[in-house]
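Peer 1: Sharing a model prediction with you, sequence too.
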2 protein chains.
Amino acid sequence: MTDSPDPDPSIEQRINTMLMKSGSGPQPLTLATAESCTGGGVAARLTAITGSSGYFLGGIVAYSNDAKASLLGVSPRTLANPGAVSAACAREMATGARDALGSDFAVSTTGISGPGGATTRKPVGLVYIALATPDRVTVEEFHFPGDRTAVTAAATDAALLMLLHGIAQHPK
Amino acid sequence: MTDSPDPDPSIEQRINTMLMKSGSGPQPLTLATAESCTGGGVAARLTAITGSSGYFLGGIVAYSNDAKASLLGVSPRTLANPGAVSAACAREMATGARDALGSDFAVSTTGISGPGGATTRKPVGLVYIALATPDRVTVEEFHFPGDRTAVTAAATDAALLMLLHGIAQHPK
């Protein structure tokens, strides 16, 4: 195990480096996840990094609508319309995870990874990712190309990037 | 976990096949996860399979002790002694996930993936995996060799296998 800097660190390694650097206080900023279409992949990437237990509190994989409601507090109204794959649902998932885990940041994913579940208005590849910080909740809409594997991988990367950028912008 | 071409289907694909076959009723048996050391990897493997939304309800990645207590109902007494990495904690996590998600089966993982967190009595590679079914809760103790990546991958495989065997033994 050398200490030479990785020339091309992964997003999750950059998150680790940033959080460890920012730790002027006794405790770094803490993270949580709320995943639907990425199915636990964002949490798995974060926890692959040595030292992640110092800032990653946990996550909720809310695959069914019931789980989104009961574990993350997404409102039945949102789940009925505009539905589970929507900016509103992504926002409520991120806020719900931040509340449930008591973290500083929480990132959420909800989308159509395919091949099933698509409609004319919600095609395969449509993904909403939200980030809840101590100050606000932001949400972005993505249209990722490819099959289930490609959409899930792209959504996982995008969620980690949104988390990284959110941490970078957060005042120390 | 193989990189070379393998004619055998993955464990998660075999779970899918078994659940879809058993679906004589209107609804197949349902699954949930409660992960600590595997960090979401079991849920990610299950949800990589097309059609998993028909039986996978969701999961909880309980990385911190607070998350194990608040989201899965692990008792503070268990977390104090014998601790988060124990057969007792694995049992409570599996039961807690089954209750929280309302699933038929739930599998849990808790262990020392390293390199930190090890003690003389709890070395790197010690992992407890529990399976809660409608009838009972079983728990197994594993000692996996290798580093963080190897331990996590082995624990993820073992959890999926325990789930597969539990489903296979379950009376239709």
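Peer 2: Perfect, thanks for sending it.
Peer 1: When you work out contacts or count neighbours from here on, use the C-alpha atoms and nothing else.
Peer 2: Will do.
Peer 1: The nearest residue to residue A:146 once chain neighbours are set aside: what's it in contact with?
Peer 2: Among residues not flanking residue A:146 along the chain, residue A:125 sits closest, at 7.4 Å (C-alpha to C-alpha, 6 or more residues apart in numbering or on different chains). By C-alpha atoms under 8 Å, 6 or more residues apart in numbering or on different chains, residue A:125 lies in contact with A:111, A:112, A:113, A:114, A:142, A:143, A:144, A:145, A:146, A:151.
Peer 1: what comes up buried for stretch A:110-119?
Peer 2: Neighbour-count burial for stretch A:110-119 flags A:110, A:111, A:112, A:113, A:114 (criterion: 16 or more other C-alpha atoms under 10 Å in any protein chain shown).
Peer 1: Just confirm residue A:44 is within a strand.
Peer 2: No: counting by DSSP: H, G, I helix; E, B strand; the rest coil, residue A:44 is located in no strand; its state is helix.
Peer 1: how about low-confidence regions in chain A?
Peer 2: Low-confidence segments of chain A, defined by pLDDT under 70: A:1-6, A:22-26, A:172.
Peer 1: just the strands in it please.
Peer 2: Using DSSP state E, the strands of chain A run over residues A:31-35, A:56-62, A:105-111, A:126-132, A:137-143.
Peer 1: Chain B contacts on chain A?
Peer 2: Taking C-alpha under 8 Å from any C-alpha of the partner chain as the test, the list of chain A residues beside chain B reads A:38-44, A:47-48, A:50-51, A:53, A:56-64, A:67, A:71, A:100-101, A:114-116, A:148-149.
Peer 1: From residue A:92, how far out is the spatially most central residue of chain A?
Peer 2: Computing the C-alpha centroid of chain A and ranking residues by C-alpha atoms, centre = their mean puts residue A:107 first, at 3.1 Å. Taking C-alpha to C-alpha, to the nearest Å as the measure, residue A:107 falls 11 Å from residue A:92.
Peer 1: before we move on, the earlier item: wait, the residue nearest to the centre of chain A sits on residue A:33?
Peer 2: Yes: taking C-alpha atoms under 8 Å as the definition, residue A:107 is a contact partner of residue A:33 at 5.0 Å.
Peer 1: Quick check: neighbours shared by the two?
Peer 2: A:94, A:97.
Peer 1: How about the contacts made by residue A:33?
Peer 2: A:42, A:43, A:58, A:59, A:60, A:94, A:97, A:98, A:106, A:107, A:108.
Peer 1: so which pair among those residues is furthest apart in space?
Peer 2: A:42 and A:98 (15.1 Å; C-alpha to C-alpha).
Peer 1: what about residue A:161, how many neighbours?
Peer 2: Burial of residue A:161 is recorded as 16 neighbouring residues (other C-alpha atoms under 10 Å in any protein chain shown).
Peer 1: picking that back up, can you say which of the contacts of residue A:33 are buried?
Peer 2: Buried, going by 16+ other C-alpha under 10 Å: A:42, A:43, A:58, A:59, A:60, A:94, A:97, A:98, A:106, A:107, A:108, out of those.
Peer 1: Start from the N-terminal end of chain A and give the helices.
Peer 2: Assigned by DSSP state H, chain A shows helices spanning A:11-21, A:41-47, A:65-72, A:76-80, A:87-101, A:148-169.
Peer 1: Residues contacting the fourth one, please?
Peer 2: Contacts to helix A:76-80, defined as C-alpha under 8 Å, 6+ apart, come from residues A:65, A:69, A:84, A:88, A:89.
Peer 1: Would you mind measuring from the last one to residue B:106?
Peer 2: It stands for residue A:89. 26 Å.
Peer 1: how many neighbours does the closest residue to residue A:88 other than its chain neighbours have?
Peer 2: Leaving aside its sequence neighbours, residue A:88 sits nearest to residue A:78 (C-alpha to C-alpha, 6+ apart; 6.8 Å). Residue A:78 has 17 neighbours, counted by other C-alpha under 10 Å.
Peer 1: now residue A:78: how far from residue A:14?
Peer 2: In this view, residue A:78 and residue A:14 are 34 Å apart by C-alpha to C-alpha.
Peer 1: try residue A:149
Peer 2: 24 Å.
Peer 1: And residue A:47, by the same measure?
Peer 2: Applying C-alpha to C-alpha to residue A:47 and residue A:14 gives a distance of 13 Å.
Peer 1: again, but for residue A:51
Peer 2: Distance from residue A:51 to residue A:14, by C-alpha to C-alpha: 12 Å.
Peer 1: who's in contact with residue A:73?
Peer 2: A:92, A:93, A:96.
Peer 1: no no, residue A:109
Peer 2: Neighbouring residues of residue A:109 by C-alpha under 8 Å, 6+ apart: A:34, A:35, A:36, A:37, A:38, A:90, A:127, A:128, A:129, A:130, A:155, A:159.
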